[in-house]
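*Asks:* Coordinates only, no sequence provided:
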């Protein structure tokens, strides 16, 4: 099966390509650095020739509200039109748990718009809502750093390993279109401030985490469980400590 992965050279995309290849599929990485640009349509028709499935794990290079909305709507619109022309039978998109619960976030509003385009796009579809990745813990801390303090929300989330995201995406990609959202997440619900504080301590990072109920995440204040998967989610068991140990073993 030929499967085109949009954003296929990134963290999730490259791991998904490797998994698909291991299972005997033809995984094709499509990204600007491979000659495929979903905003300009450069290389798009060509890469979709013979493709049965498209998986979109791409992300906007800018998180400014207008930029991210333009990226997700224009890219997704172009993709869906190209897929229909090529006869692609399944569009899979990776999105985020809580997209529709945090309208104050311009980034998440853009993801909601993207998902609506997919529902209305005329290509059979599956959407996977994932929680935040362990791999992005450092970026979350850095974005919230002021001097030597890290001001983070006391809202809850349920982070997971990127390998587990791919483990969920794989079977959905090669299966029948779901026509619905599938939530996935990690093993434990935890306050964002507590999780990052423990992660920084484990890394020997001297910064102090300030638990701040008013701190925003992607522009939105978390009041509780907005980023926590609900009933019916597929939860994985890899803990942060296990993930860290696996990363250290590969160095």
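*Replies:* That came through fine. Note that this is a predicted model, so its numbers are computed, not measured.
*Asks:* Pull up the distance across stretch 130-144, start to finish.
*Replies:* This stretch, stretch 130-144, spans 21 Å end to end (CA to CA, to the nearest Å).
*Asks:* next SSE after the helix ranked longest in the chain?
*Replies:* In the chain, assigned by DSSP state H, the helix with the most residues is helix 65-86. As assigned by DSSP states H and E, the chain's next helix or strand after helix 65-86 is strand 90-96.
*Asks:* Now tell me what touches that following strand from outside.
*Replies:* Strand 90-96 is contacted from outside by 12, 52-57, 76, 79-80, 83, 108, 111, 114-115, 118, 121, 123-131, 165, 169, 172-173, 176-177, 181, 227, using CB atoms under 8 Å, 6 or more residues apart in numbering. C-betas here are computed from N, CA, C, even on glycine.
*Asks:* Select only the buried ones of these in PyMOL?
*Replies:* For the buried members of the contacts of strand 90-96, the matching PyMOL selection, counting by 16 or more other CB atoms under 10 Å, is:
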select buried, resi 12+52+53+54+55+56+57+76+79+80+83+108+111+114+115+118+121+123+124+125+126+127+128+129+130+131+165+169+172+173+181+227
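*Asks:* Report pLDDT for residue 2.
*Replies:* Note on residue 2: pLDDT of 98.
*Asks:* need the contact list for it.
*Replies:* Neighbour list for residue 2: 25-26, 28, 50-53 [criterion: CB under 8 Å, 6+ apart].
*Asks:* where's it relative to residue 196, distance?
*Replies:* Using CB to CB, to the nearest Å, we find residue 2 at a distance of 40 Å from residue 196.
*Asks:* same question, residue 83
*Replies:* The gap separating residue 83 from residue 196 is 38 Å, by CB to CB.
*Asks:* where's residue 123 relative to residue 94, distance?
*Replies:* 16 Å.
*Asks:* My error: substitute residue 66 in the last question.
*Replies:* If you go by CB to CB, the gap between residue 66 and residue 94 works out to 22 Å.
*Asks:* Equivalent analysis for residue 137, please.
*Replies:* 19 Å.
*Asks:* So the two - more neighbours on which side?
*Replies:* Set residue 137 next to residue 94 and count neighbours by other CB atoms under 10 Å: residue 94 wins out with 26 against 22.
*Asks:* The more buried one pairs with what?
*Replies:* Beta-bridge pairing of residue 94 under DSSP bridges involves residue 128.
*Asks:* Across the sheet, point out what pairs with the closest residue to residue 234 other than its chain neighbours.
*Replies:* Distances taken as CB to CB, 6 or more residues apart in numbering place residue 184 nearest to residue 234, at 4.8 Å, with adjacent residues excluded. Going by DSSP bridges, residue 184 is paired in beta bridges with residue 130, residue 234.
*Asks:* Done for today, thanks.
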